[in-house]
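Student: sequence plus the predicted model coming up.
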Amino acid sequence: MALAVPAFSAPPDYPVDMGEILSLIRSPEESERTRGIGAASRLGPKAKAAIPDLVRFLKAGDEEVRAHTVFALGLIAPDVENVIAELVNRLADPSAKVRSYASAALSRSGNAAVPGLVRTVSGPGTEARIAAINALGMVRPIAEEAIPLLVKLLAKEPEYASARTALCAIGEAANPELKKAADATDANMRLRVIETFTCMQGKPVNFAPEIIKALRDPDRKVRKAAMSAITKIGSEVKGVAPALIEGLRDHDPELRRGALRAMLSVGSGLEGAIPDLIANLASSDKEIRMDSARVLGAIGPVAKSALPALESMQRDPDALAAQAAGFALGRIRYSAAAPESSRAPVRPRKVKGDVQKAGGVFSVMAPIGVFDKAAPFVTVESSAQFEGNGNVYFSGRVPVSINAKDVGGHGVMAGVATTYFLLDEPATAECLQEPYNQAASRGTCPNPVYREPILLPEGVHNLHYWAVDNAGNSGKIAGMEVFVDGTPPAAALRVNGKALLPGATGYAEPGNTISIVSADPLSSRVASGLKAVYMLIDISFEECSYSDYSGGIDGIGSCENYTYSAPFQLPEGEHVIYYQTEDNLGNVGEMQMVSVIVGDRGGGSPKHPLSWK
């Protein structure tokens, strides 16, 4: 995190002469002193002559004066030894705002600040320790000598959360110390280390050996955390199956559920788990039965020894559990012909004989005389979709899923065999009769097979979709017009009606109106519409995640109320405004920042220091 230093030239009536600035700082008038501090901060390192006077203000009774002074010193002298010492002292300031500003200022001091920060972390005062931890996480270059201390703090409350965040920001440089701590004798430390692995920058898979070892930890909380870590890391972890199989035998149902979720994430090398998975199909816990069936289905034809148990499970009193069994049966029986990636799609078929006369299609997974004659039910879904004005909108930045579910008949489900889709292709007989060609573009007549979520191009499209189950039942071809929008809304900030470009500094008089004008423009003939404009004053969105100071003016533009709703006015002083747009599909524009100085071209009395970025 660095200080926001807006680029601007000082207005003519704002002092730039150091002698005049010192006179203002030493003035008995509060407004003059505040104006002098602001002028010094604008000069940055050129204002080092003001350091002795500014250091005195760090002990002022007014919170805003202290905060403004910390901000100024962070710009003027982040590398000066006595200034660093004074800023370290401010980490114990009673004001959360001052502590937050001091953390950010010290992060600019680099490794020169590390000794003082380490002393603070090891000293008294919880709030000071947490502020120092926050600063250590932001120091660049990375404060490597502080890493052992941060790792040690993972086992302490309330320092754990800040220490974890700092280590995750530091990234791979912390790996060696974390790996050592994974073998700690204290179970709570081992638990916290495993939890930290999953947020590390770089690849969490670097910790695979430690996570696999934690799966066999004597402490159940550590084992549970390791299973959660495997679930997040997924198939990148190799050699994890034996430890997860042991988890299937745990007497604790919660841990068995965790092992199953981890197996679903790993997805391969689980053949040795088949006997234990079959045993868990008889569990009294519905989730364990369902996930055991899903894992067996993921294993595929090798799990054919599970077929009798899965056939029995199709009569499970819970509909979802019975459905999971049907899915697994389909994957085990009908994936045997060829790998999924190369198998041609299953076409609708009729079965000769008495079954056909009965008007149904015999399910080869059902007991003799029982029929599945219901086609799969298909839906089109995305985590970013919106319906408005009679149209269905999808984001061009988020994949769209075509989900087929076999609803079966008489409690029998053959399982979905193949799902199809056509994008901007006519669903005619000629199209559907084209020879299957896996090398052709997805969603075309020769290759309509749906295999994975698709990212739709921006614009208006015609989408057709349907599915066939393993008994040959084919659903009707459904069609829809979809509107795909991948462009966020545009916004412009205006000061008294005049546009202020992002990154610029504007000057306003007291009473001038600040407004944000926004709209969602058509892009490739599509616009999902503006959802909101978000705005913060004198604090960044990043700061809201850790700072006790919430920013804002008169209740607007704060971490608690960051939605822009109407024009507003700013008090005299220096302000930073952050703003960002979002449309109805969740397409978010880039964060923009402007600086606004209110009061006779900057000559007023600043009440709010420029924020940290």
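Tutor: Arrived safely.
Student: tell me the contacts of S23?
Tutor: G36 (CB atoms under 8 Å, 6 or more residues apart in numbering). C-betas here are computed from N, CA, C, even on glycine.
Student: show me the shaky parts of the stretch 51-200 of the chain.
Tutor: Residue ranges of the stretch 51-200 of the chain with pLDDT under 70: 200.
Student: one more time with 80, if that's ok
Tutor: 108, 138, 140-144, 168-172, 198-200 (pLDDT under 80).
Student: list the buried residues for stretch 221-236?
Tutor: 222-231, 233 (16 or more other CB atoms under 10 Å).
Student: same question but for stretch 550-565, I mixed them up
Tutor: 550-553, 556-559, 562, 564.
Student: any chance of the residues you listed in CSV, plus secondary structure, distance to A72 and pLDDT?
Tutor: Output for the buried residues of stretch 550-565, formatted as CSV (DSSP: H, G, I helix; E, B strand; the rest coil; distance: CB to CB, whole Å; pLDDT from 0 to 100):
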residue, secondary structure, distance to A72, pLDDT
S550, coil, 22, 74
G551, coil, 19, 79
G552, coil, 22, 86
I553, strand, 21, 88
I556, strand, 26, 90
G557, coil, 23, 92
S558, coil, 23, 90
C559, coil, 24, 88
Y562, coil, 27, 92
Y564, coil, 29, 94
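Student: of those residues, closest to P489?
Tutor: Y564 (12.0 Å; CB to CB).
Student: what about the buried residues of stretch 221-236, which are in helices?
Tutor: Judged by DSSP state H, helices contain the following of those: 222-231, 233.
Student: dump the residues you listed to CSV, plus distance to A161 and pLDDT.
Tutor: Shown next, in CSV, are those (distance: CB to CB, whole Å; pLDDT from 0 to 100):
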residue, distance to A161, pLDDT
V222, 19, 93
R223, 22, 93
K224, 19, 92
A225, 15, 90
A226, 20, 90
M227, 22, 90
S228, 17, 85
A229, 18, 83
I230, 23, 83
T231, 21, 79
I233, 22, 70
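Student: next one: the helix or strand where V482 lies to chain centre, how far?
Tutor: Assessed by DSSP states H and E, V482 sits inside strand 478-485. Chain-centre distance of strand 478-485: 27 Å, with CA atoms, centre = their mean, to the nearest Å.
Student: helices and strands around the helix or strand just after it, which ones?
Tutor: The helix or strand immediately downstream of strand 478-485 is strand 490-495, counting by DSSP H and E. The criterion is 3 or more CB pairs under 8 Å, 6 or more residues apart in numbering; DSSP states H and E, and the helices and strands that strand 490-495 contacts are strand 498-500, strand 505-508, strand 514-519, strand 573-583, strand 592-598.
Student: those: which one's closest to V240?
Tutor: Using CB to CB, these put strand 573-583 closest to V240, at 38.8 Å.
Student: by contact count, what packs against the closest one?
Tutor: Checking 3+ CB pairs under 8 Å, 6+ apart, strand 573-583 ends up next to strand 490-495, strand 514-519, strand 530-537, strand 592-598.
Student: okay, these in CSV with mean pLDDT, distance to D316 and mean neighbour count next?
Tutor: Output for the helices and strands packed on strand 573-583, formatted as CSV (pLDDT from 0 to 100; distance: least, CB to CB, whole Å; neighbours: other CB atoms under 10 Å):
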stretch, mean pLDDT, distance to D316, mean neighbour count
strand 490-495, 92, 53, 18
strand 514-519, 92, 52, 17
strand 530-537, 94, 42, 21
strand 592-598, 89, 55, 22
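Student: okay, the ones you listed in TSV with distance to A72 next?
Tutor: Shown next, in TSV, are the helices and strands packed on strand 573-583 (distance: least, CB to CB, whole Å):
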stretch	distance to A72
strand 490-495	25
strand 514-519	25
strand 530-537	20
strand 592-598	15
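Student: nearest to R192, out of the ones you listed?
Tutor: Among the helices and strands packed on strand 573-583, strand 530-537 comes nearest to R192, with 31.8 Å by CB to CB.
Student: quick one: contacts of the closest one?
Tutor: Contacts of strand 530-537 (CB under 8 Å, 6+ apart): 489, 491, 516, 518-520, 541, 544, 551-553, 556-559, 562-564, 570, 575-584, 586, 608.
Student: next: stretch 416-423.
Tutor: Applying CB under 8 Å, 6+ apart, the contact partners of stretch 416-423 are 327, 330, 334, 345-346, 376, 378, 402, 404-406, 431, 442-445, 448-450, 454, 456, 461-470.
Student: same check on stretch 511-522?
Tutor: Here stretch 511-522 makes contact (CB under 8 Å, 6+ apart) with 487-497, 508, 527-530, 533, 535, 564, 567-570, 577, 579, 581, 583, 596, 598.
Student: closest to I133 out of the helices and strands packed on strand 573-583?
Tutor: For the helices and strands packed on strand 573-583, proximity to I133 was assessed by CB to CB; strand 530-537 is nearest, at 23.9 Å.
Student: mind checking how far that closest one is from the chain centre?
Tutor: That offset, for strand 530-537, works out to 19 Å (CA atoms, centre = their mean).
Student: list the buried residues in the next helix or strand after it.
Tutor: Sequence-wise, the next helix or strand downstream of strand 530-537 (DSSP H and E) is helix 541-544. The neighbour-count check on helix 541-544 (16+ other CB under 10 Å) flags 543-544 as buried.
Student: hang on, the earlier thing: name the nearest of the buried residues of stretch 550-565 relative to Q323.
Tutor: Comparing the buried residues of stretch 550-565 against Q323 with CB to CB picks out Y562 as the nearest, at 42.6 Å.
Student: got the helices and strands packed on strand 490-495 as a markdown table, with distance to S109 columns?
Tutor: What follows is the helices and strands packed on strand 490-495, written out as a markdown table (distance: least, CB to CB, whole Å):
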| stretch | distance to S109 |
| --- | --- |
| strand 498-500 | 32 |
| strand 505-508 | 26 |
| strand 514-519 | 34 |
| strand 573-583 | 22 |
| strand 592-598 | 23 |
